[in-house]
Every structure is written in structure tokens, then in C-alpha cells.
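J.: following is a predicted model, sequence given first.
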Amino acid sequence: MSVHPFGKRGGGKGRLRSAAGRGAPLLVAALLALVIGAPATGEEGASTPSTRLSVAALSADVMPSLVDTITFSDPAGTELLGTGIIVSSSGLILTDYHVIRDEVFIGVTIGGVGGVYPASVVITDPDDDLALIRLDADPPLRPAPLAGPALVRVGEPVVAIGNAGGREVAPTAAAGQLVALHRTIEYGVGSGMVSLAGTMEARAPIFAGDSGGALLDGAGRVIGMIAAGASDGPCATRSGCPLPLVFAIPIEQALSEIGFTATP
């Protein structure tokens, strides 16, 4: 399994931050932490795949609940794009800490289209690779539909959706299958390592930029936030290869660890 860590580590658990700067034109990004862990094993409650998902229908329904995050790195001028999930109509958005880190966070675009809305970082939790951000504007927002852990079954189809490739386009989606639960994984963020317990593993193609994106169940509900991906071998193309393994933090676990209870 190949491992390609990105980013840098900084800060302490739960520290407050504010954003600097305003909206800026979108450029390009490639920011995704990759992971190593033990081979996946069967889990209780496993089932066979159900009916084929309508990826287009599911992604269209969830798209208004996703954002592209925009961050400038040091040295200035390098722009990094990731993904976030709207969890409150008041403007709160869940994402990965490694998407924003200690860089200059600028703002978001909703559904990957339209203008850039300025946003602030509310809470960062580097130990759990989590962050909560808030829009500093008042556009109409649609919180993502969330699913509880009891509804998750190994073998069921899933959809991974996010800002694949960090491009100035709407998020893209890919169909896959949930292959394991309760995984403990480790991956690099800059010079340090993050260890996450309780993650879900799915087989679906993702790219750099999908970090902070959503893993959906067959009903279009968010069951996890994409934290990392891994590949089984080297990439043979200059444009980059998809990562066939997705590791996601269960959505209720992520919100609980960052101290937030989802409400409409």
C-alpha cells in the first residue's frame, strides 16, 4: 500500500481561530492525507450489495449541502482546495483539519458554483483531524441529511462525493461499496502522524481534494466524512491516479468529537 502524506501539523485540540483575508478566485489544489492500516476484515452485520445506486440523483440532491474550501498556503500564492459538509442552516460546516491547518483560510463556494463566501474557522481539533468553520455571510443553506451508525452495513453500496482534483467545478461523485467498519488508521499530516479509531473503509475512487467530502449511503444520507485515501500501488499517469480505498470518519463520531450536536 503506497503512502503519500501531505500538509503540516499545528495547534492544540479544540483551540479557537479566526480567518484572515477575503474571497479570492479559485485556482487549483491537491490536498489529501493518505493512510496505512491493517488489512480490512469482515464485520458483524455484513450484507450483500443492494440495488445499484443512481449516483447522479444522489449527488445532485446532496450537492447544495457541500462546499469547496479555499485556503492559501505559505509561501503565499499557492491555493489549496478541499471539501466541507454543511451541518447547520446557521452556516456551520464540518471539514478535515488537514484541509485548513495553519494556513490562511479564505472561504467557501457552495456546491462548487457561484461566488466565494468569506468564512471563519471556529474550532480546530488536530488530534482527530477535524475542524468546524462558519460562513461569514447569509446565503440560503441546506444542511446535509445525516444517517446514524445503526443504519450502516458492510457490503452496502456507497457514494463518495467531494472536490476531486481540487478543481474550480462542482463536486463530483463516485460509486463504491462499504468494506469494513471500526478501522484504526494512521496517516501523516506534515511532520506528524494522526491516529483515528472507528473509521469506515470503502472501495471507491477518490482524488486529492476530496478530503472533507461526504460518504453517502444508498438513501443519499451522509454516513461519514472523507478523511483519507490509499492506493495499492504507484500511479502511472502524470495527471494523477484515483485512490481506490476511502477512509471516512462516521459523521456522528466526527460531530461528537468536535463538540457539536447537529440541528436544523
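T.: That came through, no problem.

J.: please name the bridge partners of the closest residue in space to Ile258 that isn't next to it in sequence.
T.: Closest residue in space to Ile258, ignoring its immediate chain neighbours: Leu130 at 4.7 Å, by C-beta to C-beta, 6 or more residues apart in numbering. C-betas here are computed from N, CA, C, even on glycine. Following DSSP bridges, Leu130 is listed with bridge partners Asp125.

J.: what about the helices in the stretch 101-250 of the chain?
T.: Taking DSSP state H, counting those that start in this stretch, the stretch 101-250 of the chain contains no helices at all.

J.: show me where pLDDT drops low in it?
T.: Along the stretch 101-250 of the chain, the model assigns pLDDT under 70 to residues 102, 149, 168, 190, 233, 235-240.

J.: show me the strands in it, by range?
T.: 104-110, 113-125, 130-135, 157-162, 172-189, 192-206, 214-216, 222-230, 243-250 (DSSP state E, counting those that start in this stretch).

J.: mind putting those into a markdown table with distance to Pro64?
T.: As requested, the strands of the stretch 101-250 of the chain are exported to a markdown table (distance: least, C-beta to C-beta, whole Å):
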| stretch | distance to Pro64 |
| --- | --- |
| strand 104-110 | 7 |
| strand 113-125 | 10 |
| strand 130-135 | 14 |
| strand 157-162 | 12 |
| strand 172-189 | 14 |
| strand 192-206 | 21 |
| strand 214-216 | 12 |
| strand 222-230 | 13 |
| strand 243-250 | 20 |
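
J.: of these, which is nearest Thr95?
T.: When the strands of the stretch 101-250 of the chain are compared by C-beta to C-beta, strand 130-135 sits nearest Thr95, at 5.2 Å.

J.: show me what the closest one is packed against.
T.: The contact analysis (3 or more C-beta pairs under 8 Å, 6 or more residues apart in numbering; DSSP states H and E) places strand 130-135 against strand 92-95, helix 97-100, strand 104-110, strand 113-125.

J.: return the most buried member of these.
T.: helix 97-100 (a mean of 29; mean count of other C-beta atoms under 10 Å).

J.: pretty sure the residue nearest to Ile258 contacts Ser256?
T.: No - judged on C-beta atoms under 8 Å, Leu130 makes no contact with Ser256 at a distance of 10.2 Å.

J.: can I get stretch 119-133 as PDB, trimmed to CA atoms?
T.: Extracted in PDB, the C-alpha atoms of stretch 119-133 (Å, rounded to 0.1, in the frame of the first residue of the first chain):
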ATOM      1  CA  ALA A 119     -15.800  32.100   6.300                       C
ATOM      2  CA  SER A 120     -14.100  31.800   9.700                       C
ATOM      3  CA  VAL A 121     -12.500  28.800  11.400                       C
ATOM      4  CA  VAL A 122     -14.400  28.200  14.600                       C
ATOM      5  CA  ILE A 123     -12.800  25.200  16.200                       C
ATOM      6  CA  THR A 124      -9.800  23.000  15.200                       C
ATOM      7  CA  ASP A 125      -9.100  19.600  16.600                       C
ATOM      8  CA  PRO A 126      -5.700  18.400  15.100                       C
ATOM      9  CA  ASP A 127      -5.600  15.200  17.100                       C
ATOM     10  CA  ASP A 128      -8.800  14.000  15.500                       C
ATOM     11  CA  ASP A 129      -8.200  15.700  12.100                       C
ATOM     12  CA  LEU A 130     -11.400  17.800  12.400                       C
ATOM     13  CA  ALA A 131     -12.400  21.400  12.000                       C
ATOM     14  CA  LEU A 132     -15.600  23.400  12.200                       C
ATOM     15  CA  ILE A 133     -15.900  26.500  10.100                       C
END
